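Participant: What would the 3D arrangement of this be:
(chains A, B and C)
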Amino acid sequence: MEKNSLCETLQKVREVNPLVHNITNVVVTNFTANGLLALGASPVMAYAVEEVADMAQIANSVVLNIGTLNSQTVDSMILAGKAANESGVPVIFDPVGAGATRYRTETAQKIMNEVKVSIIRGNAAEMANVVGEKWEIKGVDAGDAKGNITELAITAAQKMNCVVVITGKEDVVTDGKTTYVVTNGHPILTKVTGTGCLLTSVIGAFVGVEKDFFRATVAALTYYGIAAEKAARIAADLGTGSFQIEFLNQLSLVSFEDINQYSSFREF
Amino acid sequence: MEKNSLCETLQKVREVNPLVHNITNVVVTNFTANGLLALGASPVMAYAVEEVADMAQIANSVVLNIGTLNSQTVDSMILAGKAANESGVPVIFDPVGAGATRYRTETAQKIMNEVKVSIIRGNAAEMANVVGEKWEIKGVDAGDAKGNITELAITAAQKMNCVVVITGKEDVVTDGKTTYVVTNGHPILTKVTGTGCLLTSVIGAFVGVEKDFFRATVAALTYYGIAAEKAARIAADLGTGSFQIEFLNQLSLVSFEDINQYSSFREF
Amino acid sequence: MEKNSLCETLQKVREVNPLVHNITNVVVTNFTANGLLALGASPVMAYAVEEVADMAQIANSVVLNIGTLNSQTVDSMILAGKAANESGVPVIFDPVGAGATRYRTETAQKIMNEVKVSIIRGNAAEMANVVGEKWEIKGVDAGDAKGNITELAITAAQKMNCVVVITGKEDVVTDGKTTYVVTNGHPILTKVTGTGCLLTSVIGAFVGVEKDFFRATVAALTYYGIAAEKAARIAADLGTGSFQIEFLNQLSLVSFEDINQYSSFREF
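Facilitator: Take a look at the predicted model:
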């Protein structure tokens, strides 16, 4: 993949300002909206069964996140997802905490069954639980990897017939045939809540402007990881509060030069 | 309007610490509460149908915001609004995203029909949709103005019989007879989520201590715009994350000298 | 109490990374999660009746906070609390705004009746309302103390048979027999929303790793107060926005040296 093509996708996001419809959890709404604004996207949060289909159909992408799910928001997610499917709007799914409780695992699987998801992003434990492989999970945080993550990702992509992103020390992106490993990012991201959720929404912004979902996802991951690296150089030593703010700054400041210089990925 | 009278209203807010009851969206709760605290107001968020009437009646003002509405919070908004009306507590309404979906437009109109709203604040697209004028909208963000905003505001104020605030590059305040244009503020506000919502709550704090709602609203707008200008001078170049934090700082630091020196408005 | 024993409890938190299950209000979710991560705990937010019992039983502690309660979350709190009780997981309760409305007072009392709470934390007005003593309240903020707070705390602890924490200018911790006054902290904490709620969750993290709840609570209060003092020295003059971020930084940076040097408490 050409680094220039990653720049082009970022440029499209900044020009189009894609409307990203998020049905996400109550912990990360503000951070997600500010992160998407910093990127140049246009976030909207809408949850009511009365309106989610309407909102999904005018959006450039729909992001479903079960971080603080309840029966009403699950209904809304499925309504929004189906409306998006009808209108050709890509759906990105974040199965937060799948495996931590039976309700989350079953809901994640239900969403995958009822909605055509274009991209699913989670950590290894979540992904394993969505596709029914064995893995450990503690709360909504992934444990250390205890299996072969790349194999898990490829299996998941083939089973679910979509682009699969497993994030961790390295990020794996695969459509079941082609697989990339993206090594941008910084460990301090795990100390700020919602950085995984925001990444899922950032992928939503990128696939909202680019029909090649695989390339758009790699572009989103490198962009996001580079912003984290730049922010960490400035603020990691100050603490997680300062890093969080500097990360929002850097999301608006990542340049094509940064991508050409710092993006780090390899084909598997 | 005398600049000194704007200072007096700000001083009253800081002395009275008005209790502002917010029924607002899940994206901006934290930012709204911190902004109101920085100003010197006392925020409370309460949503349950079992308690909103009680809370509204002990508040100095009630702010209704449909940013992430659902059928339950709409019921709560109407209960709180009616209770406030009975007790002479001013109600401020923010019709976030009116026009983006039919549900939002209809809900905004329902609230305006069932509750006596003292001040309504939105962007031009939202206001046009609430009063049934033609305008474009994309998600919950206003497009560029494509009509005469001042005329729209005056029409809206006359139709709805309340103070109307349309915010944008310049802010228009009108009660349908007198109209002011406030030119304080900074474009970076559009890159931080919830700055419109917080402004609505800040207006709530000002009208909670001052019976002249028109003057209180102009005072709120100049105060808010000056805080944004001061924050932008310090932090806009650093990015939207740093601006957001500096803006909270400045909300607590705007002085009477700042208002006398920087407030910028004209009668239309 | 030995200062070294406070350090030991903090060390345990950082080693164990206790899973703290929060059912909390929509204003403070993000701040609470980031504060717990900064401390070294592992936060999870889960609200659905379908999953709260499962989540509570795998957690190290369960925190119940009625800041933006509704009938569904109250049901979830009682389910989670009972599941925690069955599994020997400590429950920490924050009766936000008890006394402000009848619904809050009754709900707080209902939770205390149906769930075995190990630690309850609130301001004096809230605590008085939970145990049925006279006190003034305005919104969800405590007024100035108008009674003998230490006596109130001891009475409450004896009536409710749990550890009671009343926070204010000084913090009182009592199990009804032994009583400590912790004097760490800083007044600017009252200008940042959710600092009381986060403290309750931090207590949750400490009692999640330490069977002596009384000592764990004193450890949590000193740790938290010292972080606030350190943050205030760096950022209080800049404003409440900067303080909030620096406070998150300091929550990750408080060292054993800080605790040995700065912790300030006395037996009553």
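Participant: Can you give me the neighbour number for residue A:8?
Facilitator: By other C-beta atoms under 10 Å in any protein chain shown, the residues close to residue A:8 number 14. Using the backbone N, CA and C atoms, a C-beta is placed for each residue, glycine as well.
Participant: which element is it on?
Facilitator: helix A:3-16 (DSSP states H and E).
Participant: buried stuff in that helix?
Facilitator: For helix A:3-16, burial by neighbour count (16 or more other C-beta atoms under 10 Å in any protein chain shown) applies to A:3, A:6-7, A:9-10, A:12-13, A:16.
Participant: Near chain C, which residues of the stretch 1-150 of chain A are found?
Facilitator: Contacts of the stretch 1-150 of chain A with chain C, taken as C-beta under 8 Å from any C-beta of the partner chain, map to A:25-28, A:30-31, A:67-71, A:97, A:100-104, A:138-141.
Participant: mind listing the helices for the stretch 151-268 of chain A?
Facilitator: A:195-207, A:213-235, A:240-253, A:256-262 (DSSP state H, counting those that start in this stretch).
Participant: Redo those as a markdown table? Include distance to chain B, mean pLDDT and mean neighbour count.
Facilitator: Output for the helices of the stretch 151-268 of chain A, formatted as a markdown table (distance: least, C-beta to the nearest C-beta, whole Å; pLDDT from 0 to 100; neighbours: other C-beta atoms under 10 Å in any protein chain shown):
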| stretch | distance to chain B | mean pLDDT | mean neighbour count |
| --- | --- | --- | --- |
| helix A:195-207 | 12 | 98 | 29 |
| helix A:213-235 | 9 | 98 | 24 |
| helix A:240-253 | 3 | 98 | 25 |
| helix A:256-262 | 14 | 97 | 14 |
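Participant: nearest to residue B:109, of the ones you listed?
Facilitator: Within these, the stretch nearest residue B:109 is helix A:195-207; the backing value is 30.8 Å (C-beta to C-beta).
Participant: Residue A:159 - nearest residue in space that isn't next to it in sequence?
Facilitator: Beyond its immediate neighbours in the sequence, the residue positioned closest to residue A:159 (C-beta to C-beta, 6 or more residues apart in numbering or on different chains) is residue A:131, lying 5.2 Å away.
Participant: Mind pulling the model confidence for the one you found?
Facilitator: The pLDDT attached to residue A:131 in the predicted structure is 95.
Participant: what about it, how many neighbours?
Facilitator: 22.
Participant: Can you pull the phi/psi pair for it?
Facilitator: Geometry field for residue A:131 lists phi and psi as phi -100, psi 0, criterion degrees, to the nearest 10.
Participant: How about the contacts made by it?
Facilitator: Residues in contact with residue A:131 (C-beta atoms under 8 Å, 6 or more residues apart in numbering or on different chains) are A:152, A:155-156, A:159-160.
Participant: what's the helix holding residue A:8 packed up against?
Facilitator: Counting contacts by 3 or more C-beta pairs under 8 Å, 6 or more residues apart in numbering or on different chains; DSSP states H and E, the secondary-structure elements packed against helix A:3-16 are helix A:195-207, helix A:213-235, helix A:256-262.
Participant: Can I get that helix as CSV, trimmed to CA atoms?
Facilitator: Included here for helix A:3-16 are C-alpha records, laid out as CSV according to Å, rounded to 0.1, in the frame of the first residue of the first chain:
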residue,chain,number,x,y,z
LYS,A,3,1.8,5.9,1.8
ASN,A,4,0.4,8.6,-0.5
SER,A,5,-2.9,6.7,-0.8
LEU,A,6,-3.2,7.0,3.0
CYS,A,7,-2.7,10.7,2.7
GLU,A,8,-5.3,10.9,0.0
THR,A,9,-7.9,9.3,2.2
LEU,A,10,-7.1,11.6,5.1
GLN,A,11,-7.4,14.6,2.7
LYS,A,12,-10.9,13.3,1.6
VAL,A,13,-12.0,13.1,5.2
ARG,A,14,-10.9,16.7,5.8
GLU,A,15,-12.6,17.9,2.6
VAL,A,16,-15.9,15.9,2.8
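Participant: ok, residues contacting that helix?
Facilitator: With C-beta under 8 Å, 6+ apart as the contact definition, helix A:3-16 has outside contacts at A:39-41, A:60, A:205-206, A:208-210, A:215-216, A:218-220, A:222-223, A:254, A:256, A:259-260, A:263.
Participant: That one vs helix A:195-207, what angle?
Facilitator: On the basis of axes from the mean of the first three to the mean of the last three C-alpha atoms, to 10 degrees, helix A:3-16 is oriented at 90 degrees to helix A:195-207.
Participant: helix or strand right after helix A:3-16?
Facilitator: Using DSSP H and E, the first helix or strand after helix A:3-16 is strand A:19-23.
Participant: From the contact counts, what lies against that next one?
Facilitator: helix A:29-39, strand A:42-45, helix A:52-58, strand A:61-65, helix A:71-87, helix A:195-207.
Participant: Can I get it in CSV, CA atoms only?
Facilitator: Extracted in CSV, the C-alpha atoms of strand A:19-23 (Å, rounded to 0.1, in the frame of the first residue of the first chain):
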residue,chain,number,x,y,z
LEU,A,19,-21.3,12.7,8.9
VAL,A,20,-20.6,9.9,11.3
HIS,A,21,-23.7,8.6,13.1
ASN,A,22,-22.6,7.1,16.4
ILE,A,23,-24.7,4.9,18.7
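Participant: how big is the angle separating that strand from helix A:3-16?
Facilitator: Using the same axes, to 10 degrees, strand A:19-23 lies at 90 degrees relative to helix A:3-16.
Participant: In its sheet, which strands sit next to strand A:19-23, and in what direction?
Facilitator: Strand A:19-23 has its sheet partners listed here by DSSP bridges as strand A:42-45 (parallel), strand A:61-65 (parallel).
Participant: Can you check which of the ones you listed gets nearest to residue A:244?
Facilitator: Checking the strands paired with strand A:19-23 against residue A:244 by C-beta to C-beta gives strand A:42-45 as the closest, at 17.4 Å.
Participant: Relative to the whole chain's centre, how far out is that closest one?
Facilitator: What separates the centre of strand A:42-45 from the centre of its chain is 15 Å, taken as C-alpha atoms, centre = their mean, to the nearest Å.
Participant: Then stretch A:236-249?
Facilitator: Using C-alpha atoms, centre = their mean, we find the averaged C-alpha position of stretch A:236-249 to lie 20 Å away from the chain's own average C-alpha position.
Participant: contacting residues around stretch A:170-181?
Facilitator: By C-beta under 8 Å, 6+ apart, the list of residues contacting stretch A:170-181 reads A:1, A:149-150, A:153-154, A:157-158, A:161-166, A:182-185, A:213-214, A:217-218, A:221, A:225, A:265-268.
Participant: remind me which residues of chain A are low pLDDT?
Facilitator: Per-residue confidence of chain A (counting by pLDDT under 70) places the weak regions at A:136-147.
Participant: quick one: contacts for the most centrally placed residue in it?
Facilitator: Of all residues in chain A, the one closest to the mean position by C-alpha atoms, centre = their mean is residue A:200, 1.5 Å from it. Residues counted as contacts of residue A:200 (C-beta under 8 Å, 6+ apart) are A:63, A:65, A:92-94, A:121.
Participant: Would you reformat those residues as a markdown table and include distance to residue C:47?
Facilitator: Written out in a markdown table, the entries for the contacts of residue A:200 read as follows (distance: C-beta to C-beta, whole Å):
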| residue | distance to residue C:47 |
| --- | --- |
| A:63 | 20 |
| A:65 | 14 |
| A:92 | 23 |
| A:93 | 20 |
| A:94 | 17 |
| A:121 | 23 |
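Participant: Could I get the residues you listed in TSV, plus columns for neighbour count?
Facilitator: As requested, the contacts of residue A:200 are exported to TSV (neighbours: other C-beta atoms under 10 Å in any protein chain shown):
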residue	neighbour count
A:63	32
A:65	29
A:92	32
A:93	27
A:94	30
A:121	30
